[in-house]
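I need the structure of the sequence given here:
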Amino acid sequence: MVGSNDDLRRRDRWARLRFAIIGPLLAAPPAPGDLQTALSALADRTWRHPLTGLDVRFGASTIERWFYAARHAADPVTVLRNQVRRDIGGFLSVGPQAQEALRLQYAEHPGWTAQLHHDNLRVRLAAVDPGVPCPSYSSVRRYLKAQGLTRKRPARRGDPVIPGAGATLVEREIRSYEVEYVLQLMHLDFHHGSRKVLSREGEWVKPLLVAFVDDRSRYLAHAQWYTSEGTAQLVHGFSQALSKVGLPRSLMSDRGSAMMSGEFTAGLAALGILHVPTLPRSPHVNGKQENLWSRVEGRLLAMLEGEERLTLDQLNLATCAWVTQEYHRTVHREIGATPLQRYLEGPSVARACPGSDALRAAFRIEAQAAGAPLRRHGKPRGASLRDPHPLPALQRGPPALCALGFAAGGSDRSAAWDHPLPGIPDRQGRQCRAAAPHGRAPKPRPDTGRLRRRAAFEADDRRLRRHGAAAGVPARIPPKG
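Okay, the predicted model is just below:
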């Protein structure tokens with residue numbers, strides 16, 4: 001049941017206004033010769049627009065057309081509605097042959113512009129049938145847009161090819177989205193700052209900000225600046241975000257090397273967090289995170305222009321103050337509330353975060369070599385996830401672990417025993433290292449893998465010298481080390 005005039009459709013609103021204007025003429029038709037005088041009087045009056053509510057006037061000829069259309073009609077209101085065009089959805093200016101030619105051109109060259117399609121369409125139609133007229137450029141452009149035949153930019157070299165990615169991004173409509181629960185989806189991304197900071201070594205470096213934003217509330221779980229974008233920095237910041245707000249149900253990020261690394265994905269699986277990577281060349285999918293960077297550059301870094309020698313510690317301290325005092329307490333235009341208020345209102349599907357030891361054990365990868373027990377590569381047992389400067393500790397472990405971005409530690413001599421690769425924990429978490437009698441530092445053990453490769457090379461080299469010298473086989477270059 002229609003309750004008010006606001007619930008009527010557009011066509012019905014216009015029909016009622018037109019009927020209200022010519023209704024007195026239909027009820028009391030003017031005398032012969034007085035119709036133009038009555039139409040002029042109605043044209044001089046001001047009427048209210050049925051959609052905007054503003055004042056509007058109509059010409060005498062327009063009112064006359066309405067009068068003659070409804071004078072002999074059985075239902076004058078229906079006649080006064082806006083009539084739907086018969087050719088709606090069609091293109092009379094673009095004939096069937098032109099439409100078929102445009103579709104063939106687009107299938108062969110989806111990266112062409114509308115102007116290029118129009119130029120080639122003229123040549124193709126003239127070659128097939130000179131009598132067929134070529135549509136104008138504006139008609140071609142409207143037809144391509146109405147049919148969804150938009151321009152597809154060619155893929156760059158080196159980009160990963162994902163089946164169906166191009167069709168998903170171009171041929172489908174892109175809309176905004178928002179989840180229903182707090183921490184149902186968390187966004188993650190790195191941002192290269194526009195201003196350099198002074199490092200502890202006295203060098204100017206460009207910092208990177210890693211941030212974790214809740215999709216529903218826009219609540220910023222954690223934000224921290226680093227000097228590099230690696231797995232160690234990502235795990236360090238993500239662990240702090242989990243300690244603050246709890247475990248989310250899913251995490252969205254791009255396909256960066258740190259986000260797709262084995263340590264990070266294994267940690268997400270161990271914690272029961274669904275990883276949702278975005279498609280290549282699709283920053284709009286992670287738009288809530290991208291929108292945060294404009295506020296960081298326009299508000300946070302703009303307020304620090306007066307600080308000439310800005311250090312990384314000062315930048316992190318200012319970021320923490322800005323997030324808690326301004327960002328979380330400023331009304332967001334899309335959600336109509338502050339991120340802090342939306343986060344507290346819920347409803348939330350977050351889970352309790354485990355302790356620091358469980359988080360350190362989660363972000364590791366398991367590897368097993370022939371004849372060796374199962375090993376897990378990751379952070380040391382003694383390292384803290386809340387260490388704001390974890391980079392110097394990365395150089396204390398053996399090369400095998402430093403290459404993975406983690407350090408090896410542990411000084412409990414009661415849990416140590418001989419192992420071919422010291423410093424790597426086993427399945428039970430005990431630290432494997434060479435035994436050090438009388439408290440002395442363990443001697444560096446030889447790289448058995450390199451020795452085996454060297455022995456295999458020498459055996460092959462002797463075999464080549466015996467059988468390949470007569471055939472002219474060149475000598476091989478021995479490996480380094």
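
wait, is H275 part of a helix?
No - using DSSP: H, G, I helix; E, B strand; the rest coil, the assignment for H275 is strand, not a helix.

that one: what's it in contact with?
250-251, 253, 265, 268-269 (Cβ atoms under 8 Å, 6 or more residues apart in numbering). C-beta: built from backbone N, CA, C; applies to glycine.

of those residues, buried ones?
Listed as buried from the contacts of H275 are 251, 253, 265, 268; burial here means 16 or more other Cβ atoms under 10 Å.

make a markdown table from these and add distance to E334 and pLDDT to it.
Output for the buried ones among the contacts of H275, formatted as a markdown table (distance: Cβ to Cβ, whole Å; pLDDT from 0 to 100):
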| residue | distance to E334 | pLDDT |
| --- | --- | --- |
| L251 | 21 | 91 |
| S253 | 21 | 88 |
| T265 | 31 | 89 |
| L268 | 28 | 90 |
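
strands - which of the residues you listed land there?
Of the buried ones among the contacts of H275, the ones assigned to strands by DSSP state E are 251, 253.

and which of the buried ones among the contacts of H275 is nearest S356?
Nearest to S356 among the buried ones among the contacts of H275: L268, at 17.2 Å, using Cβ to Cβ.

tell me which element R175 falls in.
Secondary structure assignment for R175, by DSSP states H and E: no helix or strand.

oh, I was asking about Q289
Using DSSP H and E, Q289 falls in helix 287-295.

so which elements touch that helix?
strand 186-192, strand 208-214 (3 or more Cβ pairs under 8 Å, 6 or more residues apart in numbering; DSSP states H and E).

who's in contact with the last one?
Spelled out, that is strand 208-214. 182-183, 185-193, 219-229, 233-234, 237-238, 241, 245, 248, 288-289, 292-293, 296, 319, 339, 343.

buried only: go through those for me.
For those, buried by 16+ other Cβ under 10 Å: 182-183, 185-191, 193, 219-227, 229, 233-234, 237-238, 241, 245, 248, 288-289, 292-293, 296, 319, 339, 343.

now the helices for the stretch 201-350 of the chain?
Secondary structure of the stretch 201-350 of the chain (DSSP state H, counting those that start in this stretch): helices at 231-245, 262-271, 287-295, 301-303, 312-325, 339-345.

avg pLDDT for the shortest one?
So the one you mean is helix 301-303. Averaged over helix 301-303, pLDDT sits at 82.

ok, and what's touching that helix?
193-195, 318, 322.

tell me the buried residues in it?
The neighbour-count check on helix 301-303 (16+ other Cβ under 10 Å) flags L301 as buried.

from the chain's centroid, how far away is it?
In terms of Cα atoms, centre = their mean, to the nearest Å, the centre of helix 301-303 is set 25 Å apart from its chain centre.

measure R309 to V296 for me?
R309 sits 20 Å away from V296, going by Cβ to Cβ, to the nearest Å.

ditto for A43
A43 is 58 Å from V296, by Cβ to Cβ.

my read is that S250 contacts G272, right?
No - contact criterion Cβ atoms under 8 Å: S250 and G272 do not qualify, at 10.2 Å.

mind checking the SS state of V123?
Here V123 is helix, with the state taken from three-state DSSP.

from the centroid of this structure, which residue is nearest?
N286 (2.3 Å; Cα atoms, centre = their mean).
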